[in-house]
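**Student:** Have a look; sequence and predicted model below, questions after that.
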Number of protein chains: 2
Amino acid sequence: MKMEVKNGDSQLLSKLATNNEHGENSPYFDGWKAYENNPFHPTKNPNGVIQMGLAENQLSLDLIEEWIKKNPRASICSPEGVNAFKDIAIFQDYHGLPEFRNAVANFMGKSRRGKVSFDPERIVMAGGATGANELLMFCLADPGDAFLIPTPYYPAFHRDLRWRTRVQLLPVVCESSNNFQITKKALEEAYENAQKANIKVKGLIITNPSNPLGTTMDRATLRTLVTFINDKQIHLVCDEIYAATVHSLDFVSISEVVQEMEDYCNRSLIHVVYSLSKDMGLPGFRVGIVYSYNDIVVNIGRKMSSFGLVSSQTQHLLASMLSDEEFVNEFLSESTKRLASRRGSFTKGLEQVGIRCLESNGGLFCWMDLRKLLKKPTFEDEMGLWSVIINDVKLNVSPGSSFHCHEPGWFRVCFANMDDETMVVALRRIRNFVEKGEDAEVITVKKQNKACQKTLSLSTSQICDENVTMTLSYSSPRVISPHSPIPHSPMVRART
Amino acid sequence: MKMEVKNGDSQLLSKLATNNEHGENSPYFDGWKAYENNPFHPTKNPNGVIQMGLAENQLSLDLIEEWIKKNPRASICSPEGVNAFKDIAIFQDYHGLPEFRNAVANFMGKSRRGKVSFDPERIVMAGGATGANELLMFCLADPGDAFLIPTPYYPAFHRDLRWRTRVQLLPVVCESSNNFQITKKALEEAYENAQKANIKVKGLIITNPSNPLGTTMDRATLRTLVTFINDKQIHLVCDEIYAATVHSLDFVSISEVVQEMEDYCNRSLIHVVYSLSKDMGLPGFRVGIVYSYNDIVVNIGRKMSSFGLVSSQTQHLLASMLSDEEFVNEFLSESTKRLASRRGSFTKGLEQVGIRCLESNGGLFCWMDLRKLLKKPTFEDEMGLWSVIINDVKLNVSPGSSFHCHEPGWFRVCFANMDDETMVVALRRIRNFVEKGEDAEVITVKKQNKACQKTLSLSTSQICDENVTMTLSYSSPRVISPHSPIPHSPMVRART
């Protein structure tokens, strides 16, 4: 590719194109770069970096594959289903295929254990949860307005919620002392700070289950939030894209609380973001959903969904798959079972070497407490430790600072984007690392800090950190995900 | 659906959600409403409205269906192709599947008759041309900045280019006296007017082939435009989504001119918008492409494409289909042949009743000159005539005013979204209408003007305007496109 940009060209572009507010300049994505430069492969690159920074759910895709084999008519691109090709290929109604909306509403209900139902007329399509979150911001807030957001939170929210909408995010500080639960006091404090700074607060956005914590909010907390936003007459956006990853039976969707508090809250202030990227493990399909209790938002949101409609080919397939009640029931039951089992074996493996995670019941990750490995409780030390983990231990985990956590020493570790054998390797690496001894580690961190950062951005060489003899067989040669051959920008995936 | 919006709620939403700048309040979309309320069907509703307001290309979808039957492995959702399911379903790299980008670049070259080649590294994905155009505006202009745009232009550009980006569109007035060609004088005038009004002009956007004119720009005009934007140091966005609909051999892509003028122009100012919605007839698949000669735009555009990625299921299918050289060659050749034939028979039918269209060689529509049917050359009379055409003649055509045409009496009529038999009915209706006599028509227009407008928005009854005995057989019961059973918002399609 010839480089065509001449000096000074950037001044002819927009501020958006040149201000770096897209948020990719974060350690969260730097870790991905390190992985991309040296990806682990059980036989071809056994000393490569294992990707534990990607909240992907690969554990139940075989169930979907089985369904596809049995239902070739569900695809418009199979000889059995091609007779529907024309009607579907030309379909671009921004309301979506009615059968798709019905099926998604049905799936949303089932993934909330059938305790609440969803009206297909309130389902708005968007390009993944990425697009859904942006769409809601465009509907709810003007440039300069703010949304409150509890910390720690998903790094790419800076892109999704702020970048093109020019909306501000104001942190609601949550702390480890109460397991990062949101308190009324912290909410009020954040709100008052905004008022003092003359910033108009238009709403509160939460992720439930939380990314990165993996925890869910109890009913009382959700009621507190609804009361809070109702008192202030601001919006509540609930990102529930991990709803079906919860293995305990007590997940409470905001929609249940809306039902219960009908007489006490203005429903039109409440909006749910959903997606099939996490619960079904289909991020490539770009199914994002806004479910709003506000009619204007449904109406305007549909107009906005023109910018990120779900491919009609994908709508058609999912309409068929998700209206198969038997399949959906089995998938949800089996998927949560497998996730719980994986989470259990991973946290158990960590516990055996003295590493504790925040107690969680959802998500595709753990919130790992490595505070005792820091010599000083500073973000500098956190970054030093992180560099060692990536460069020496060769695991891409994500430092808490990239999630805007206010306490150093926490790391998000994803566990559902790999097979059992890779997980075994990852745990073995952690064990080797920890068994070197805590003091030695801290010294290593300090010594290697600067050198590691250099390695991180430039490294293409592969340094052996262990001698693992892999004799396991793999069903797929690509255990993580496919990539183009050229080194890519770090945020190569739209949403994790 | 319960109506949950309470009084005063709209004040809690954004300006975008409440200012109606989405542009759906246009006769262009009102006509769609009329069609939605009473859609023509050869047997079930032979007196319904025929949709001629939709630039859809249905003429060659059978070729794609044939290909699918022969290539079941190309789909990840067929028993033959499901072994690729997992890798593709989890793929969300915003650079796109390398094989998809290669295939699209190849198709773009072929659809420009192989006279120019496209670099896959410059291909940026977006959610249809709708998303591609918005993405470019976000990259090139700040809120309040302006793009020049020749009239008449595509009505939904107000949504695509302006709505969420807050960019202005300033008309470059083109006139029938020179067949609506863009002149240097008109360009300079528009630019100077902007300067006088203290508006920062960031670029010029053209559609080539033109929507709604169906004409293409010759090399000399394109060179004039490139010189103009180079002199002013502003951007040129060329929307070429109808490139392969051109039946003459002389279509000149801006990319050819870029090659020729390499030494005289700053390539980084030039950006192409492409799509498979028109040339392949696949609007439901939401394949929008930004092809930029500017490296920063490619880089930032890819980050923005996170909001409107093409479904990996769709990418995978198209990668396979569009890398089949034999298929692509045959499809392009046959498709342009069929479009030319349809255009020819349609315009010939119109000529037989004395209706002339602007001479054109591309697009999925004609620019029909009904000026002589207006008593006075006013937009009021144009709207009156349009009401008669929709309500009495029962054809949804689009009035020139909705395309921001500066001369009343022109209408865009789409001809590729229906089968031959429906086209025969449409032409018969036009003939009956015109043969009633010109004077009578104008009187009818005047008399019915107000009544018709009322009918337009409220009508659900079906008035017989003719007695057509249809004995033809139809291959598909739904000749237009599928719709949900409820009356929809007019702009149900993302882009036409």
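**Tutor:** Received the coordinates, thanks.
**Student:** which residues touch the nearest residue to A:Thr215 once chain neighbours are set aside?
**Tutor:** Take A:Thr215 and drop its neighbours on the chain: the residue closest to it by CB to CB, 6 or more residues apart in numbering or on different chains is A:Ser360, 5.0 Å away. C-beta here means a position set from N, CA and C on the backbone, and glycine is covered the same way. The contact partners of A:Ser360, by CB atoms under 8 Å, 6 or more residues apart in numbering or on different chains, come to A:209, A:213-215, A:343, A:366-367.
**Student:** got a winner among those residues for most neighbours?
**Tutor:** Counting neighbours by other CB atoms under 10 Å in any protein chain shown, A:Leu213 leads those with 29 neighbours.
**Student:** tell me the phi and psi of that one?
**Tutor:** phi -70, psi -30 (degrees, to the nearest 10).
**Student:** Same question for A:Leu169.
**Tutor:** Torsion angles, degrees, to the nearest 10, at A:Leu169: phi -110, psi 130.
**Student:** cool, A:Gly23 as well?
**Tutor:** Torsion angles, degrees, to the nearest 10, at A:Gly23: phi 80, psi 10.
**Student:** try A:Ile206
**Tutor:** When read as degrees, to the nearest 10, the backbone of A:Ile206 gives phi -130, psi 150.
**Student:** helix/strand/coil for the residue lying closest to it once chain neighbours are set aside?
**Tutor:** Beyond its immediate neighbours in the sequence, the residue positioned closest to A:Ile206 (CB to CB, 6+ apart) is A:Cys238, lying 5.7 Å away. Reducing the assignment at A:Cys238 to three states with DSSP: H, G, I helix; E, B strand; the rest coil gives strand.
**Student:** A:Cys238 contacts A:Asn208, correct?
**Tutor:** Yes - using CB atoms under 8 Å, A:Cys238 is in contact with A:Asn208, at 5.8 Å.
**Student:** joint contacts of those two?
**Tutor:** With CB under 8 Å, 6+ apart, A:Cys238 and A:Asn208 have common neighbours A:253-254.
**Student:** Could you name the specific helix or strand carrying the residue nearest to A:Thr215?
**Tutor:** Counting by DSSP states H and E, no helix or strand carries A:Ser360.
**Student:** For it, report the pLDDT, please.
**Tutor:** At A:Ser360, the model reports a pLDDT of 95.
**Student:** what's the answer for A:Glu21, then?
**Tutor:** With respect to pLDDT, A:Glu21 has a value of 89.
**Student:** burial measure for the closest residue to A:His235 other than its chain neighbours, as a count.
**Tutor:** Distances taken as CB to CB, 6+ apart place A:Gly203 nearest to A:His235, at 3.3 Å, with adjacent residues excluded. For A:Gly203, the count of nearby residues is 24 (other CB under 10 Å).
**Student:** secondary structure class for A:Gly203?
**Tutor:** Under three-state DSSP, A:Gly203 comes out as strand.
**Student:** was I right about it contacting A:Leu236?
**Tutor:** Yes - when contacts are counted by CB under 8 Å, A:Gly203 is listed as touching A:Leu236 (6.3 Å).
**Student:** what is in contact with the two at once?
**Tutor:** Listed as contacting both A:Gly203 and A:Leu236 by CB under 8 Å, 6+ apart are A:229, A:269.
**Student:** Before I go, just wanted to say thanks for your time.
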